[in-house]
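> got a predicted structure plus its sequence, pasted below:
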Amino acid sequence: MLSDRQIVELFHLQFVRLLGSGPDKDRFAIKGGCNLRFFFESIRYSDDIDIDVTRTPVHTLKEKVSRILEGPALVLPLRSRGVSVREISAPKQTDTTQRWKVGLAAEGRSLPLHTKIEFLHRNTTEEAKVEPIASSVLADYQLMPQLARHYPLAAALRQKVGALTGRSTVQARDVFDLAVLLAKAGGETSCPRPGSQGDRAGEGRLLRGLQVPSGLLFEDRACRRIRQAGGLGRFAGAGRRTVGKGPLMNAPEALRRLKGLRVPAATTADAAAILGVSGEAASHTMRRLAKSGLVTPMRKGLWALAERPDPLVLTEYVTAPYPSYVSLQTALYQHGMIDQIPSMIFVVSLARSARIETGLGTYSVHHVQPGFFDGFQSLPDSGIKLALPEKALVDVLYLSPTRARLFAALPEVELPRGFRRSAAREWVRRIPSRRLRTIVANRLEEALARSR
């Protein structure tokens, strides 16, 4: 069961994924506590999420955030984890700051959990760059790899020092966050104890006590700036976007940057933000790479980056922004329960049922209700979400009465060693519809009897 802080973090992660899924990905930059948690693996959870935004009118951002908070791409994945958005308000909507307050209801909690989303309008976020959120953070929620735009180490350090020097009283979280960033920079901290509340000289002593071997020097708080030297620069060019079409980057450099992300696939919007060019230029670059066989086009705007991409690894990219897992005949075959190799990749998802043709094959996607979206494991080496043997079998039976009749005839099934009949029956009991539950229960008992 997720803790209260994990429930809030799950909401933040789902929101960030949807916020950056469009062509305006390069206009947002995550900062503050969520930046440290998502990208620098801080152990401190963030209660709220702070995001810088540029080149986006107030009314446009308000409409976008409202669509995300009320849309099924956020609601359904949260509901599958027993979480729902119950309260939404937008108390501050100015030319400089836009703030939303959100109340989350969760199973087992009588009171809502509260969080805030705050956007600060900036003239530029050019220091930000696109990078993958730490896999250690995503693993807690079995989420697929996720790219987002954030402030890298040098910028995050400057922001945190600015927060420290701008307060009348030093807050413990700021000191902790600064220690996390310094550790990432290879620095050591020697922090004198801050003075009493309101002791401005104590803050100065605190900052002067921070030493960074890499050459980042914190100057007098009155200057409120940082002199940069050594290996931590301004990440020149990273995350910048050229106005208009933008220059075309040579293919080897573009491929190097994309593969440096260490994710199996990227969208054209991801490529535009990473390469610092317009969407049109990024699309042209990706087509050139595909023509040379260096990337594989999956579907419109989606590209597999591996030299030999595994279709099962890319399942959730095909159904994005909705989560999914490999199940049905494909999972039965993977578990050795059937002998025939499926002609398609069968997927269970919160997305609408569909047959999706891609450059790597056909995906047969089948929708289930959020309460039935579970019973899978993430394989440690590949990250593939694969239904457990019991759930794969029950999924077939669950979908057997559908109008498509694709699963009407259950193939000859051999139960693997360790198959838990009680677990399969428990999944049947979770089906909300009494009629469907009866149908599936009867078919399951028939299948189990034939496999004795």
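Thanks, I have it.

> any stretches of the stretch 151-300 of the chain with poor pLDDT?
Scanning the stretch 151-300 of the chain for pLDDT under 70 picks out the ranges 187-249.

> centre-most residue in the chain?
The centre of the chain sits closest to Gln146, judged by Cα atoms, centre = their mean, with a distance of 3.8 Å.

> can you report phi and psi for that one?
phi -140, psi 120 (degrees, to the nearest 10).

> for it, give its distance to Glu316.
Per Cβ to Cβ, to the nearest Å, Gln146 is found 10 Å from Glu316. (Each C-beta comes from the backbone N, C-alpha and C, glycine too.)

> joint contacts of the two?
Common neighbours of Gln146 and Glu316, counting by Cβ atoms under 8 Å, 6 or more residues apart in numbering, are absent.

> still on that earlier bit, is it correct that the residue nearest to the centre of the chain is in contact with His12?
No: Gln146 is beyond contact range of His12, at 11.3 Å (criterion: Cβ atoms under 8 Å).

> identify the contacts common to these two.
The contact sets of Gln146 and His12 do not overlap (Cβ under 8 Å, 6+ apart).

> just to revisit the earlier point, not counting its neighbours along the chain, what's nearest the residue nearest to the centre of the chain?
Ile133 (4.6 Å; Cβ to Cβ, 6 or more residues apart in numbering).

> burial of the one you found, as a residue count?
22 (other Cβ atoms under 10 Å).

> hang on, Ala266 in a strand?
Yes: assessed by DSSP: H, G, I helix; E, B strand; the rest coil, Ala266 belongs to a strand.

> all strands for the stretch 351-452 of the chain, in order.
Taking DSSP state E, counting those that start in this stretch to define them, one finds strands in the stretch 351-452 of the chain at 354-358, 361-367, 376-378, 385-387.

> in JSON lines: the ones you listed, plus mean pLDDT and distance to Val396.
Formatted as JSON lines, the strands of the stretch 351-452 of the chain follow (pLDDT from 0 to 100; distance: least, Cβ to Cβ, whole Å):
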{"stretch": "strand 354-358", "mean pLDDT": "96", "distance to Val396": "17"}
{"stretch": "strand 361-367", "mean pLDDT": "97", "distance to Val396": "10"}
{"stretch": "strand 376-378", "mean pLDDT": "96", "distance to Val396": "14"}
{"stretch": "strand 385-387", "mean pLDDT": "98", "distance to Val396": "10"}
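
> ranking those strands by burial, who's on top?
Looking across those with neighbours counted as mean count of other Cβ atoms under 10 Å, the highest average goes to strand 385-387: a mean of 24.

> now what about it, what contacts it?
With Cβ under 8 Å, 6+ apart, strand 385-387 has contacts from 142, 312, 315-316, 323-328, 331, 334, 348, 375-379, 395.

> figure out the helix or strand that Lys84 lives in.
Just to correct that, residue 84 is Ser rather than Lys. Using DSSP states H and E, the element containing Ser84 is strand 83-93.

> can you pull out the residues in contact with that strand?
Taking contacts as Cβ under 8 Å, 6+ apart, the residues outside strand 83-93 that touch it are 7, 10-11, 58, 62, 65-66, 69-70, 74-75, 78, 98-107, 112.

> tell me the mean pLDDT over that strand?
For strand 83-93, the mean pLDDT works out to 97.

> which is the succeeding secondary structure element to that strand?
Sequence order places strand 97-106 as the next helix or strand after strand 83-93, per DSSP H and E.

> just checking, what packs against that next one?
Secondary-structure packing of strand 97-106 (3 or more Cβ pairs under 8 Å, 6 or more residues apart in numbering; DSSP states H and E): helix 4-19, helix 58-70, strand 83-93, strand 113-121.

> okay, now the sheet partners of that strand, with direction.
If you go by DSSP bridges, strand 97-106 pairs up with strand 83-93 (antiparallel), strand 113-121 (antiparallel).

> make CSV from those strands and add distance to Gly186 and mean neighbour count to it.
CSV is the format used below for those (distance: least, Cβ to Cβ, whole Å; neighbours: other Cβ atoms under 10 Å):
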stretch, distance to Gly186, mean neighbour count
strand 83-93, 38, 14
strand 113-121, 30, 18
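
> can those strands go into CSV with extra columns for distance to Arg257?
Shown next, in CSV, are these (distance: least, Cβ to Cβ, whole Å):
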stretch, distance to Arg257
strand 83-93, 35
strand 113-121, 27
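
> to Pro389, which of those strands lies closest?
strand 83-93 (27.9 Å; Cβ to Cβ).

> pull the distance from that closest one to the chain's centre.
Computed by Cα atoms, centre = their mean, to the nearest Å, the chain-centroid distance of strand 83-93 equals 21 Å.

> same deal with stretch 119-134?
16 Å.

> list the buried ones in it?
Phe119, Leu120, His121, Thr125, Glu126, Glu127, Ala128, Lys129, Val130, Glu131, Ile133 (16 or more other Cβ atoms under 10 Å).

> ok so, going back, quick one: residues contacting the residue nearest to Gln146.
Leu13, Val16, Phe38, Phe39, Pro145, Gln146, Leu147, Ala148.

> how about those residues in CSV, adding distance to Val180 and pLDDT?
Formatted as CSV, these follow (distance: Cβ to Cβ, whole Å; pLDDT from 0 to 100):
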residue, distance to Val180, pLDDT
Leu13, 19, 98
Val16, 20, 98
Phe38, 12, 98
Phe39, 11, 98
Pro145, 23, 96
Gln146, 20, 96
Leu147, 22, 97
Ala148, 18, 97
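
> buried ones among the residues you listed?
Leu13, Val16, Phe38, Phe39, Pro145, Gln146, Leu147, Ala148.

> contacting residues for the nearest residue to the fifth one once chain neighbours are set aside?
Nearest non-adjacent residue to Pro145, counting by Cβ to Cβ, 6+ apart: Val263, 4.5 Å away. Taking Cβ under 8 Å, 6+ apart as the definition of contact, the neighbours of Val263 are Pro132, Pro145, Leu147, Leu305.
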